[in-house]
Each structure stands twice: as C-alpha cells, then as structure tokens.
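Asker: Show me the folded form of this:
(one chain, ligands or ions: 1)
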Amino acid sequence: MATVELKNVRKTFGRNVIAVDRLDLEVKDKEFMVLVGPSGCGKSTSLRMVAGLEEVDEGEISIGGKLVNDVPAKDRDIAMVFQNYALYPHMTAYQNMAFGLRLRKYPQAEIDKRVREAAEILGISELLHRKPKALSGGESQRVAVGRAIVRKPKVFLFDEPLSNLDAKLRVQMRAEISKLHARLKATTIYVTHDQLEAMTMGERIAVMRDGLLQQVDQPLQLYHKPTNKFVAGFIGSPTMNFIEGIIEKTENSLVFDEGLLKIEIPSRYYKSLNRYIGKPLIFGLRPEEVHYLDSAEYRKETAEIPATVDVVEPMGNEAFLHLIAGKSRLVASTRTSTLPQMGEKIKLTLDLSRAHFFDKETEVSLL
Ligand code: ATP
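Answerer: Numbering: from 1, shown residues only. Coordinates of the predicted model:
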C-alpha cells in the first residue's frame with residue numbers, strides 16, 4: 001500500500017512567501033493524482049516536499065502510512081521525473097537508466113534486466129547506446145521516465161514532464177504516461193499548469209491557487225460542479241463565461257438582471273438562489289452552452305438573448321464566437337458551418353440547465 005498523505009502542510013520561503021498553506025490531500029494507493037494551478041500556486045513545492053527535496057515547515061507527510069517528514073529523499077522509495085529530464089550528458093541512455101540502481105548496488109544481471117524491460121515498455125530499446133545529445137526531446141523524456149521505472153518505486157512524482165515537448169508529442173506522451181500508469185499501477189502525483197493535461201490524465205485533480213487547495217475531485221466533477229469561480233474559470237477551454245448582475249424577484253419567477261440583459265432563471269435554482277434576491281452575484285455559463293443557430297428545441301431550460309458578433313475564430317471542426325451581449329462579453333463555441341459575420345446582430349440561446357452562480361464577494365458557488 002502506498003498512499004501519500006499531506007496533513008495541514010505549510011511551507012514558507014523567507015518572511016513573505018507562503019508557498020503552500022494548510023494543505024490537506026490524500027492520494028490513494030495506485031491513484032493518479034494531478035496537481036494543477038497557475039504558475040506560482042505552490043504545486044511544485046508540494047511535490048518537492050513529498051519527494052523530500054524541500055523541508056516541511058508545519059504539518060505531516062506520510063507515505064504508505066509512515067511519517068516521512070524526517071526521512072531523507074533517497075530513503076522515501078519514490079522516483080521523480082523532472083521537466084528538464086536531468087539526464088547526465090556524458091552517460092548513454094542505458095547508463096542513465098542504470099545509474100540509480102548502480103548506486104544502490106543492485107547486481108549487474110538485475111540492473112540489465114530492469115533497464116531492458118523498461119526500455120521495451122517505453123519503445124527505446126534501440127536507443128540505449130546513445131548519449132542525450134543524440135536523442136530528441138521526446139526520446140530524452142522516455143529515458144527520464146525509464147530511469148524512474150527501473151527503480152520500481154512505491155510512488156512516482158512527475159513535475160511538468162511534458163512542458164518542453166512540442167504540442168503533438170505532448171499529446172502522444174500524455175497517452176503513453178496514462179497507459180504506463182495503467183500497467184505499473186503505482187501511486188502517482190503529476191504536476192502541471194495545463195488544465196487539459198490534468199483533465200485527460202488525472203483520476204482525480206487537485207486545483208491549487210496562491211498556496212491554497214481549492215478543490216479535489218474527478219475531472220468531470222470539477223468541470224460540472226466547480227466549488228468556486230476560480231476552479232470554474234481555470235478548468236475548461238475556452239474559459240467559462242462570467243456575467244455580473246443581481247437576482248430579482250418578479251411576481252412568480254426569479255430573474256437575473258445584468259443591467260441591459262434579463263435572464264429568467266429556471267425553477268430548479270430557486271432553492272439555492274432565494275436568499276440572494278437583491279444581491280450581486282456572478283452568473284457562469286460554459287461556451288458550449290451558448291448556442292447560435294444550433295439551438296435545438298429539445299432543450300427545456302433556455303433563455304434567448306440578443307448579441308453582436310465581435311470576432312469569429314473558425315477552427316475547422318468548430319468555431320469560437322466572441323460576442324457582446326448587454327454590457328458583457330461572451331464566448332460561444334459552435335459546430336455550425338454557417339458562421340455569422342463580424343458586427344452582425346444575432347440571437348443566442350443559452351442552455352441554462354448547466355448554469356452556475358457564484359457569490360460576487362467570496363466567489364463561492366451557490367449551487
Ligand atoms: P510553476 O508552475 O511556475 O513552477 P508552482 O505552482 O510550481 O509554479 P512553486 O514553484 O511551488 O509554484 O512556487 C510557489 C511560490 O513559492 C512562488 O511564489 C515561488 O516564487 C516561491 N518559491 C518557490 N521556491 C522558492 C525558493 N527556493 N525560494 C523562494 N521562493 C520560492
């Protein structure tokens with residue numbers, strides 16, 4: 001069993017930088033957990049504390065149920081893959097992969113077996129005699145992953161391992177690391193700033209901001225039930241639309257009033273929003289719920305609003321429409337082949353069955 005548990009962990013640098021604050025996170029045995037958040041949110045520091053490369057100021061870190069705060073990195077039975085691969089330039093791929101095992105005085109036959117096995121899994125058997133300068137970025141990354149695999153550690157830690165690769169290779173390596181995890185079934189913590197990488201790879205995702213954990217959940221839960229406006233805006237691309245306004249009560253319904261736009265709210269939200277009548281809040285709707293032309297009749301909870309087209313971005317399979325509606329800016333993603341012109345006045349159908357509402361002050365989700 002290799003659970004990784006962080007309890008009330010805090011790390012500061014100097015007097016002013018609180019890199020990680022009150023972090024509680026439990027990574028289950030064999031789980032693939034992604035830590036995601038914008039630059040500087042504390043994800044690398046959290047990972048480095050688990051690795052033993054950074055000391056903990058306060059709180060406890062346990063691996064496999066054993067407190068490791070005072071256990072040196074080399075005795076934690078973890079292997080880490082870094083962004084810059086950190087391969088030794090004067091060693092061949094084989095020697096790089098064998099290095100850690102040599103240090104630990106494994107028998108030569110065992111080292112050879114493990115390196116060749118790992119190379120086979122990663123499809124780099126033909127490259128083992130090459131030095132890093134003769135390897136492409138993707139190949140170097142495989143060697144770096146191979147060096148971690150041969151150790152057969154309890155826990156794998158990845159720190160932005162794909163960020164030096166070009167977009168196409170990144171997508172390929174993403175799938176390979178996921179497959180590798182399915183095969184090796186080792187507990188994994190994977191750090192990235194890329195929400196798409198997090199969504200596609202994580203069994204669960206921990207979203208961080210300014211050293212604080214915002215939400216830990218399965219990818220689709222994060223997408224559909226974000227706990228606050230930050231998570232709602234960080235997960236998903238293009239980002240969720242946010243419109244500021246107030247909730248008003250009319251004779252027999254609730255209306256969201258943006259100033260120039262009025263949107264009648266479906267009754268399913270009344271219970272959550274009743275206590276917000278007259279108060280400012282933020283209405284959120286993802287671009288795929290803002291429909292142009294393809295507003296199918298079967299949708300029940302809809303509202304129609306007028307908008308002016310500002311910019312059209314055709315992508316081939318879909319297009320992003322940047323729109324001005326009332327006082328607000330909106331983005332719609334559409335798959336229709338009939339695209340509007342810049343400046344055109346159009347009608348939008350908002351699918352409100354997936355609407356979000358956030359407190360304007362605290363930004364916490366009201367649903
Ligand atoms: P990135 O994606 O840019 O690597 P991150 O989310 O991994 O960001 P960390 O590297 O964990 O963030 O940094 C968290 C905060 O701690 C940042 O404000 C950073 O400047 C600060 N920090 C990190 N390491 C040190 C250090 N050795 N000395 C001083 N401040 C540090």
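
Asker: In the chain, where is pLDDT below threshold?
Answerer: Scanning the chain for pLDDT under 70 picks out 1, 294-299.

Asker: For it, identify the residue most remote from the centre.
Answerer: Glu251 (43.0 Å; CA atoms, centre = their mean).

Asker: how much space between that residue and Leu261?
Answerer: Going from Glu251 to Leu261 by CB to CB, to the nearest Å gives 20 Å. Backbone N, C-alpha and C define where each C-beta goes, glycine included.

Asker: circling back to that earlier point, can you give me the distance of the residue farthest from the centre of the chain to Lys185?
Answerer: Distance from Glu251 to Lys185, by CB to CB: 59 Å.

Asker: chain center to stretch 226-244, what's the gap?
Answerer: 13 Å (CA atoms, centre = their mean, to the nearest Å).

Asker: So for it, what gets flagged as buried?
Answerer: Using 16 or more other CB atoms under 10 Å as the test for burial, stretch 226-244 gives 226-236, 240-243.

Asker: For the closest residue to the ligand within the stretch 251-367 of the chain, grab phi and psi.
Answerer: Across the stretch 251-367 of the chain, the shortest distance to the ligand (CB to the nearest ligand atom) belongs to Glu363, at 19.9 Å. Main-chain torsions, Glu363, degrees, to the nearest 10: phi 60, psi 10.

Asker: What's the local residue count around it?
Answerer: 17 (other CB atoms under 10 Å).

Asker: and the buried residues of stretch 226-244, which of them are in helices?
Answerer: Among the buried residues of stretch 226-244, DSSP state H puts 229-234 in helices.

Asker: Spell out, range by range, the helices that occur in this protein.
Answerer: 43-51, 93-103, 108-122, 137-149, 167-184, 195-201, 219-224, 229-234, 270-273.

Asker: So which bits of the third one are buried?
Answerer: Think helix 108-122. Buried residues in helix 108-122 (16+ other CB under 10 Å): 111, 114-115, 118-119, 121-122.

Asker: cool, the longest one as well?
Answerer: Within helix 167-184, the residues scored as buried using 16+ other CB under 10 Å are 169-170, 173-174, 176-178, 180-181.

Asker: I'd like the distance from stretch 285-295 to the chain centre, please.
Answerer: The answer for stretch 285-295 is 24 Å, by CA atoms, centre = their mean.

Asker: so the residue of the stretch 251-367 of the chain closest to the ligand sits right up against Val231, yeah?
Answerer: No - taking CB atoms under 8 Å as the definition, Glu363 is not a contact partner of Val231, at 9.6 Å.

Asker: Would you indicate which residues of stretch 3-23 are buried?
Answerer: 3-6, 9-11, 18-21, 23.

Asker: mind checking the longest strand of the protein?
Answerer: Under DSSP state E, the strand in the chain containing the largest number of residues is strand 302-314.

Asker: Describe which strands that strand pairs with in its sheet and in which direction.
Answerer: Applying DSSP bridges to the sheet, strand 302-314 is found paired with strand 319-325 (antiparallel), strand 345-351 (antiparallel).

Asker: ranking these by burial, who's on top?
Answerer: Ranked by mean neighbour count, those are led by strand 319-325 with a mean of 20 (mean count of other CB atoms under 10 Å).

Asker: Can you list the neighbours in contact with that one?
Answerer: Strand 319-325 has contacts (CB atoms under 8 Å, 6 or more residues apart in numbering) with 238, 261, 287, 290, 292, 305-313, 329-336, 339-340, 346, 348.

Asker: what are the C-alpha coordinates of that strand, in PDB please?
Answerer: Output in PDB follows, covering the C-alpha atoms of strand 319-325 (Å, rounded to 0.1, in the frame of the first residue of the first chain):
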ATOM      1  CA  ALA A 319     -15.700  28.000 -34.200                       C
ATOM      2  CA  PHE A 320     -15.400  30.400 -31.300                       C
ATOM      3  CA  LEU A 321     -17.700  33.400 -31.500                       C
ATOM      4  CA  HIS A 322     -16.600  36.400 -29.300                       C
ATOM      5  CA  LEU A 323     -19.800  38.300 -28.600                       C
ATOM      6  CA  ILE A 324     -21.100  41.400 -26.900                       C
ATOM      7  CA  ALA A 325     -24.300  40.900 -25.100                       C
END
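
Asker: Quick one: check stretch 146-166 for contact with the ligand.
Answerer: No - using CB under 6 Å from any ligand atom, stretch 146-166 stays clear of the ligand, coming no nearer than 6.7 Å.

Asker: can you tell me how far the residue farthest from the centre of the chain sits from Lys271?
Answerer: Distance from Glu251 to Lys271, by CB to CB: 19 Å.

Asker: same thing with Glu31?
Answerer: For Glu31, the distance to Lys271 equals 34 Å [CB to CB].

Asker: How about Arg48, nearest residue that isn't a chain neighbour?
Answerer: Of all residues not flanking Arg48 in the chain, Glu54 sits nearest, at 4.0 Å (CB to CB, 6 or more residues apart in numbering).

Asker: for the residue of the stretch 51-200 of the chain found nearest the ligand, what are its contacts?
Answerer: Of all residues in the stretch 51-200 of the chain, the one sitting closest to the ligand is His193 (4.7 Å; CB to the nearest ligand atom). By CB under 8 Å, 6+ apart, His193 lies in contact with 36-39, 43, 160, 163.

Asker: So which of the buried residues of helix 108-122 is the closest to Met80?
Answerer: For the buried residues of helix 108-122, the residue nearest Met80 by CB to CB is Ala118; the value is 15.7 Å.

Asker: still on that earlier bit, distance to Phe283 added to the helices of the chain, as CSV?
Answerer: Below are these laid out as CSV (distance: least, CB to CB, whole Å):
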stretch, distance to Phe283
helix 43-51, 30
helix 93-103, 53
helix 108-122, 47
helix 137-149, 42
helix 167-184, 33
helix 195-201, 22
helix 219-224, 16
helix 229-234, 11
helix 270-273, 10
